[in-house]
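[1] got a sequence here, can you model it:
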Amino acid sequence: MPRPLFCRRTALRSLAGAGAGGVLGLGSTACGPNDATREEPRRRFGAEWESHARTFMSWPALDSVWGEDLNAVRADIARVARAIGDYEPVVVMARAEQLAAAQRACGAQVEVIPLTVDDLWARDTVPVFVEEGGASGRVLGVDLNFSGWGGKQTHMHDARVGERLLAEYGIARTVAPLVAEGGSFETDGEGTLLVTESSVVNRNRNPGKSRDGIEAELKSSLGVSKVIWFQGVKGQDITDAHVDSIARFTAPGVVLVDQAFPGGPPDVWSRAADQARRVLREATDARGKGIEVIDLPQPDPYEITGSGDDFVSTYANFYVANDAVFMPRFGDAKADDRARGILRDHFPDREVVPVRIDAIASGGGGIHCSTHDQPGRPAE
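    Residues are numbered from 1 along each chain as shown. Below you'll find the model as predicted:
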């Protein structure tokens, strides 16, 4: 299957105008500055397995990105939205002229709203949600100044998704003093953050900033107290190796790590996962406790139903929703069942739901990349 012009694991080319809607007002706030005499409210970045008010997704809009694969990737997005909609509210953002088609594809149980987007990667374009004032405090959206992954893809409208979406839902917004994406971060909800250096300590996002400086900004913006850094991979995919396809918490102190299918030659991705595995085995979390590392093996590349050099065959890009976990079904029955069993072991109170996403995976992403959770209780 021909690959889209701009995949998440593809040769890096910039489009003219990629900087449109670029980074403005780094470090500013849209919810009013705090009184200088008042202590800054404490923030908390909750874990994905905590209760969600809803899941946000985006309807892919551009032929220039997906070409002849656009219909197939839209079908995958609709399939994911319908599956999650059985367990919690789902909101899909779509351009006004594509609204009706998106609603028909996603079904009546999914809410489709008019909000202009460019592509499907809601994990990266929607702000990271934190609770201000602790678990019982208000939800705050931390806008990470989406820049098209460092100017690699057109993002004129995706750059403004954070501002527009938060205004639509009346959620307070603050703008982080750095450039990043939601897929850059993984948390245990207890103050520990996993990050790849390649996706944040990178001159295409944060020129002139040191890792220590960025770590301080992450702690302040997200309310975390311990950052565990992985090396990652620069320049080999559009995200510069987001952590959410490498290592994922299933509980405080427990991390699933992507493992390449045995027998293949090592590559930059398997080496990145191996490096993350070594770091985790020697690390402690925000509580000062060691971390249990569990391998999450990939499928046999000769058994998967998808295709393309950019196909992302990691099971680590799963999504935890209310009462369910959504994982990719790649077509290697043995590997799919094994991954489902591992996820069942770690989320015993949730249904583990496999979903076919061959078009999304061929574009270099997964279920987690295409979803973004808002903490809170679903409306009755």
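
[2] if we go by neighbour counts, what in stretch 143-156 is buried?
    Applying a neighbour-count criterion of 16 or more other Cβ atoms under 10 Å, the buried positions in stretch 143-156 are 143-155. In this view, the C-beta of every residue, glycine as well, is placed from N, C-alpha and C.

[3] could you measure from Asp349 over to Asp323?
    Between Asp349 and Asp323 the distance is 8 Å, computed by Cβ to Cβ, to the nearest Å.

[4] just want to know which of those two has more residues nearby.
    Between Asp349 and Asp323, counted using other Cβ atoms under 10 Å, the more crowded position is Asp323 (13 against 6).

[5] got the CA positions of stretch 238-248 in PDB?
    As requested, C-alpha coordinates have been extracted for stretch 238-248 and formatted as PDB (Å, rounded to 0.1, in the frame of the first residue of the first chain):
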ATOM      1  CA  ILE A 238       8.300  12.600  12.400                       C
ATOM      2  CA  THR A 239       7.900  12.500  16.200                       C
ATOM      3  CA  ASP A 240      11.600  11.900  17.000                       C
ATOM      4  CA  ALA A 241      10.600   8.700  18.900                       C
ATOM      5  CA  HIS A 242       7.700   9.500  21.200                       C
ATOM      6  CA  VAL A 243       7.800   7.500  24.400                       C
ATOM      7  CA  ASP A 244       4.200   6.200  24.000                       C
ATOM      8  CA  SER A 245       5.400   3.600  21.400                       C
ATOM      9  CA  ILE A 246       8.300   2.500  23.600                       C
ATOM     10  CA  ALA A 247       7.300   2.300  27.300                       C
ATOM     11  CA  ARG A 248       4.000   2.600  29.100                       C
END
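
[6] and that stretch, how far from the chain's centre?
    Taking the mean C-alpha point of stretch 238-248 and that of its whole chain, the gap between them comes to 8 Å (Cα atoms, centre = their mean, to the nearest Å).

[7] go on, stretch 169-176?
    The gap between the average C-alpha position of stretch 169-176 and the chain average comes to 18 Å, counting by Cα atoms, centre = their mean.

[8] got the phi and psi for Met57?
    The phi and psi torsions at Met57 (degrees, to the nearest 10) take the values phi -140, psi 170.

[9] how many neighbouring residues does it have?
    Quick note: Met57 (other Cβ under 10 Å) scores 29 neighbours.

[10] what's the local residue count around Ala361?
    Ala361 has 28 nearby residues by other Cβ under 10 Å.

[11] strands along the stretch 251-380 of the chain, start to end?
    Taking DSSP state E, counting those that start in this stretch as the criterion, the stretch 251-380 of the chain carries its strands at 254-259, 292-297, 319-321, 324-328, 351-355, 372-375.

[12] distance to Arg54 and mean neighbour count added to those strands, as JSON lines?
    Below are the strands of the stretch 251-380 of the chain laid out as JSON lines (distance: least, Cβ to Cβ, whole Å; neighbours: other Cβ atoms under 10 Å):
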{"stretch": "strand 254-259", "distance to Arg54": "25", "mean neighbour count": "21"}
{"stretch": "strand 292-297", "distance to Arg54": "27", "mean neighbour count": "16"}
{"stretch": "strand 319-321", "distance to Arg54": "10", "mean neighbour count": "25"}
{"stretch": "strand 324-328", "distance to Arg54": "14", "mean neighbour count": "24"}
{"stretch": "strand 351-355", "distance to Arg54": "18", "mean neighbour count": "18"}
{"stretch": "strand 372-375", "distance to Arg54": "5", "mean neighbour count": "24"}
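
[13] closest to Gly137 out of those strands?
    Set against Gly137 and scored by Cβ to Cβ, these come closest in strand 372-375, at 10.6 Å.

[14] so for the closest one, mean pLDDT?
    Confidence over strand 372-375, taken as the mean pLDDT, stands at 98.

[15] show me what it is packed up against.
    Under the contact criterion of 3 or more Cβ pairs under 8 Å, 6 or more residues apart in numbering; DSSP states H and E, strand 372-375 touches strand 52-58, strand 128-132, strand 319-321.

[16] list the strands paired with the second one, with their directions.
    Pairing partners of strand 128-132, with direction, according to DSSP bridges: strand 43-44 (antiparallel), strand 138-143 (antiparallel).

[17] do the same with the first one
    The strands that strand 52-58 pairs with in its sheet are strand 90-94 (parallel), strand 372-375 (antiparallel) (by DSSP bridges).

[18] distance of Arg377 from Arg160?
    Computed as Cβ to Cβ, the Arg377 to Arg160 distance reads 28 Å.

[19] show me which of the two is the more surrounded one.
    With neighbours defined as other Cβ under 10 Å, Arg377 and Arg160 compare such that Arg160 has more, 18 against 9.

[20] what's the pLDDT at that one?
    pLDDT, Arg160: 97.

[21] returning to what we had before: any idea which of the strands paired with strand 128-132 gets closest to Gly67?
    For Gly67, the closest of these is strand 138-143, at 30.2 Å, according to Cβ to Cβ.

[22] quick one: contacts of the helix or strand following that closest one?
    Under the assignment DSSP states H and E, the closest C-terminal helix or strand after strand 138-143 is helix 148-151. Contact partners of helix 148-151, identified using Cβ atoms under 8 Å, 6 or more residues apart in numbering, comprise 14, 18-19, 124, 154-155, 158-159, 179, 181, 202, 204-205, 238-240.

[23] now render the strands paired with strand 128-132 as JSON lines, adding mean pLDDT and distance to Ala283.
    Converted to JSON lines, the strands paired with strand 128-132 look like this (pLDDT from 0 to 100; distance: least, Cβ to Cβ, whole Å):
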{"stretch": "strand 43-44", "mean pLDDT": "96", "distance to Ala283": "21"}
{"stretch": "strand 138-143", "mean pLDDT": "96", "distance to Ala283": "24"}
